[in-house]
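Trainee: any chance you can model this:
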Amino acid sequence: MPLFTPFTLRDVTFPNRIAVSPMSQYLARDGYVNDWHLVHLGRFALGGAGLVFTEATAVEDRGRRTHGDLGLWEDGQIEGMARVARFLNEQGAVSGVQLGHAGRKASERRPWHGETPVNNEDIELRGEAPWEMIAPSAVPYGAHWQEPTEMTQADIDDVLQAFRDSARRVDEAGYDVLEVYAAHGFLVHQFYSPLTNKRQDAYGGDRNGRMRFALEVARAIRETWPGGKPLFFRLSVTDWVDGGWETEDTVELAKGLKSAGVDLIDCSTGGIGAGHNDSFTPRRMALAQGFQLPFAERLKQEAEIAAMGVGFLWDPEVAQAAIADGKVDMVALARELLDNPNWPLHASRSLGKDKDYSFWKPQFGWWLNKRQRLIDKLSLR
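Mentor: Numbering: from 1, shown residues only. So this is what the prediction gives:
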C-alpha cells in the first residue's frame, strides 16, 4: 500500500506519504499563534496525515503578507508554536513549519477583506496600517499596488539573517521539518523569476544570478537547522507566463538546492502575478486532478531529488498511483483536507488498508467499529 508506507529523509521518518500543505488562516496577532491554529492543525494529525505544516510563517514583520500572518521573527513567538508542535508530534504526525517572506506581496488585506493593498481605510476600520515592502526590483505586484523598495545588499543580508534566526526558532519549537516558501510570487520566487527580477548585480541578470538568493537562503538555514532534520523548498516550477521561469530552469535550481542541503522539492506552479499585470501574457493551464504531478516527476528524475506532488488531488487512487509509479515521493493536500480532515483515514479504508478502523485513534475507532459491526449485522447499509 504505497500511500501508507513510511518514508525517511535524514533522521525523520514519515508514517505515510500524505502531507498537509500550508494554509494561511490570517488570524494571528502580531505573528503570534493562538488556539485557532492549534485546533486547525491538530485535527489533521488526528485525521491521519503523516506530515502537517503550519501556514506560511514570516521571518520578519515586514515579510508578512497580511496583518494576520504567523511569524517567527522574535523569540517570544516560539512558545505558542511549540505548543502546536507538541500536539502534532504526540498524535504521531511529523510537524513542519513553512518559512517565508512576502516581498512585494506584503501589506495586503486578508482574502475576505478583498486581497487588495492595505490603505487608510484599514486604519479606520481595523486599526491596521500599511507598511513598506521590499523586493529584488522596484516592480509592483499590480497596477494599483505600492511600488516596493529595491533591496540593497544590506537588505539581502538582513533577510538571510532573518531566515537563519527563524530556522533556529523552528528547531527550538520542536518541529521536525522546515520548508521555505519559494513559490507563488513570494520573495524567493521574485528573485529567481525574470519577470520580477530586473537587477544587474550578482543577484540578477542571467539565471545563475537570479538563483543566487534562493541558494543563499538554503545555505543560511543549514547553518542553524540541524543536520538530522529535512529541509524542503516549495518552488513554482513554471510561471505559466511567456518569457518567465520555466521547468528546465527549476531543474537547475533544484540541483543547486540539493547541493546546498535541501532534501525535497515541493512542486507547485504559478503565482508570480500574471492576473494583476497587463504586461504579462499568461499561458492557459489544463486544469485536471493531479495536473501538477508531471512537474514533480520531472524534477525527481532530472534533478535526482525527492519530490512532493500538490494541487487538485482528492482521489486516493490517483495519489496512490503517483507514489506507486515512482512519480513522486509524497503528496500534499490542502483544501480537500479543509473539507474532510479525515481524508487520510478514509483513504486507508477505500484502498483496503483499514478494514476495522484500526488506523483511527482508539477514542474514535472503537466507536466507529462498534457501529459498523451493528450496521453489518442488521444490514442497515
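Trainee: return the set of buried residues in stretch 107-117.
Mentor: Using 16 or more other C-beta atoms under 10 Å as the test for burial, stretch 107-117 gives 107-110, 113, 117. (C-beta placed from N, C-alpha, C; glycine too.)
Trainee: if you could redo that for stretch 320-333, that was the one I meant.
Mentor: Neighbour counts using 16+ other C-beta under 10 Å place 320, 322-323, 327-333 of stretch 320-333 among the buried residues.
Trainee: compute the distance between His346 and Gly48, please.
Mentor: 9 Å (C-beta to C-beta, to the nearest Å).
Trainee: those two: which is more packed in?
Mentor: Applying other C-beta atoms under 10 Å to His346 and Gly48 shows that Gly48 carries more neighbours, namely 25 against 15.
Trainee: ok, for the more buried one, nearest residue in space, not its chain neighbours?
Mentor: Computed as C-beta to C-beta, 6 or more residues apart in numbering, the closest residue to Gly48 that is not its neighbour in sequence is Pro344, at 3.5 Å.
Trainee: got it, and Ile305?
Mentor: Closest to Ile305 by C-beta to C-beta, 6+ apart is Lys258, at 4.8 Å.
Trainee: neighbours of the one you found, how many?
Mentor: Neighbours of Lys258 using other C-beta under 10 Å come to 18.
Trainee: pretty sure it sits against Ala306.
Mentor: No - with contact defined as C-beta atoms under 8 Å, Lys258 does not count as touching Ala306 (9.3 Å).
Trainee: for Asn89, which residues are in contact?
Mentor: Taking C-beta atoms under 8 Å, 6 or more residues apart in numbering as the criterion, Asn89 is in contact with 95, 174, 176.
Trainee: swap in 10 Å and give it another go.
Mentor: 45, 52, 95, 174-176 (C-beta atoms under 10 Å, 6 or more residues apart in numbering).
Trainee: same question, Lys327
Mentor: Lys327 neighbours (C-beta under 10 Å, 6+ apart): 290, 293-294, 296-298, 300-301, 307, 309, 321.
Trainee: list buried residues within those residues.
Mentor: Buried among these by 16+ other C-beta under 10 Å: 290, 293, 296-298, 300, 307, 309.
Trainee: still on that earlier bit, between Lys258 and Ala306, which contacts overlap?
Mentor: 264-265.
Trainee: the helices in the stretch 101-250 of the chain, which residues?
Mentor: Using DSSP state H, counting those that start in this stretch, the helices of the stretch 101-250 of the chain run over 120-126, 153-172, 187-192, 207-222, 247-259.
Trainee: returning to that earlier point: specify which member of the contacts of Lys327 is nearest to Glu90.
Mentor: Using C-beta to C-beta, Gly309 comes nearest to Glu90 of the contacts of Lys327, at 28.1 Å.
Trainee: ok, that closest one touching Ser268?
Mentor: Yes - the criterion here is C-beta atoms under 10 Å, and Gly309 meets it with Ser268 at 9.4 Å.
Trainee: mutual contacts of the two, please.
Mentor: In contact with both Gly309 and Ser268: 292, 295-296, 332, using C-beta under 10 Å, 6+ apart.
Trainee: so which of the residues you listed belong to helices?
Mentor: Here DSSP state H is the test, and the shared contacts of Gly309 and Ser268 give 295-296 as lying in helices.
Trainee: what's the most distant pair in the shared contacts of Gly309 and Ser268?
Mentor: Among these, Phe295 and Ala332 lie farthest apart (C-beta to C-beta), at 13.2 Å.
Trainee: mind listing the shared neighbours of those two?
Mentor: Common neighbours of Phe295 and Ala332 (C-beta under 10 Å, 6+ apart) are 267-268, 309-311.
Trainee: nearest spatial neighbour of His40, chain-adjacent residues omitted?
Mentor: Gln25 (6.1 Å).
Trainee: for Ile323, helix, strand, or coil?
Mentor: helix (DSSP: H, G, I helix; E, B strand; the rest coil).
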